[in-house]
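Visitor: take a look and give me a structure for this.
(one chain, ligands or ions: 2)
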Amino acid sequence: MSKKAAKKEIRIHESWCKGCEICVQFCPKEVLTMKDGKAWVANLESCTACGLCELYCPDFAIEVLVLDESTKEN
Ligand code: SF4
Ligand code: SF4
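Guide: Residues are numbered from 1 along each chain as shown. Ligands and ions are numbered 1, 2, ... in the order given. Coordinates of the predicted model:
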């Protein structure tokens, strides 16, 4: 059971992904892999939402979203 776990989502824009594997190499948690020449989320559970994949993708093809349902700011 998770307490305040933020929901994560990784969006890969397949048409922009050129299959360079940079995101796979930089992900410290081995969340990403390649599938049919495109980046693929293989292990979302391990993702810490560090944002490295998004940062290093040269084609802006990957987007990390953190949807924290438990925050109550403002
Ligand atoms: S946000 Fe970080 S942990 Fe998650 S897939 Fe990207 S590089 Fe890996
Ligand atoms: S870094 Fe970007 S372009 Fe390269 S494989 Fe990953 S998502 Fe695709």
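Visitor: any part of stretch 60-69 near ligand 2?
Guide: Yes. With Cβ under 6 Å from any ligand atom as the measure, stretch 60-69 is seen reaching ligand 2 through 61, 62. Placement of C-beta: from N, CA and C, glycine included.
Visitor: from the middle of its chain, how far away would that stretch be?
Guide: 7 Å (Cα atoms, centre = their mean, to the nearest Å).
Visitor: contacts for that stretch, please.
Guide: By Cβ atoms under 8 Å, 6 or more residues apart in numbering, the residues outside stretch 60-69 that reach it are 4, 6-14, 16-18, 23, 39, 47, 49, 51, 53-54.
Visitor: now which of the residues you listed would you call buried?
Guide: Taking 16 or more other Cβ atoms under 10 Å as the criterion, what is buried in those is 8, 10, 12, 17, 23, 39, 47, 49, 53, 54.
Visitor: which residues does the fourth one contact?
Guide: Same thing as residue 17. Residues in contact with residue 17 (Cβ under 8 Å, 6+ apart) are 38, 39, 57, 59, 61, 62.
Visitor: show the buried residues in the residues you listed.
Guide: Burial by neighbour count, judged by 16+ other Cβ under 10 Å, picks out 39, 57, 61, 62 from these.
Visitor: just the ones of those residues in strands?
Guide: Of the buried ones among the contacts of residue 17, the ones assigned to strands by DSSP state E are 39, 62.
Visitor: could you dump the buried ones among the contacts of residue 17 to CSV with pLDDT?
Guide: Converted to CSV, these look like this (pLDDT from 0 to 100):
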residue, pLDDT
39, 98
57, 98
61, 98
62, 98
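Visitor: got the phi and psi for the most centrally placed residue in the chain?
Guide: When Cα atoms, centre = their mean is applied to the chain, the residue found nearest the centroid is residue 10 (3.8 Å). Here is the backbone geometry of residue 10 (degrees, to the nearest 10): phi -110, psi 120.
Visitor: any idea how far residue 30 is from it?
Guide: Going from residue 10 to residue 30 by Cβ to Cβ, to the nearest Å gives 13 Å.
Visitor: ok, back up a step: for the buried ones among the contacts of residue 17, could you give me JSON lines that also reports distance to residue 69?
Guide: Shown next, in JSON lines, are the buried ones among the contacts of residue 17 (distance: Cβ to Cβ, whole Å):
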{"residue": "39", "distance to residue 69": "26"}
{"residue": "57", "distance to residue 69": "27"}
{"residue": "61", "distance to residue 69": "27"}
{"residue": "62", "distance to residue 69": "23"}
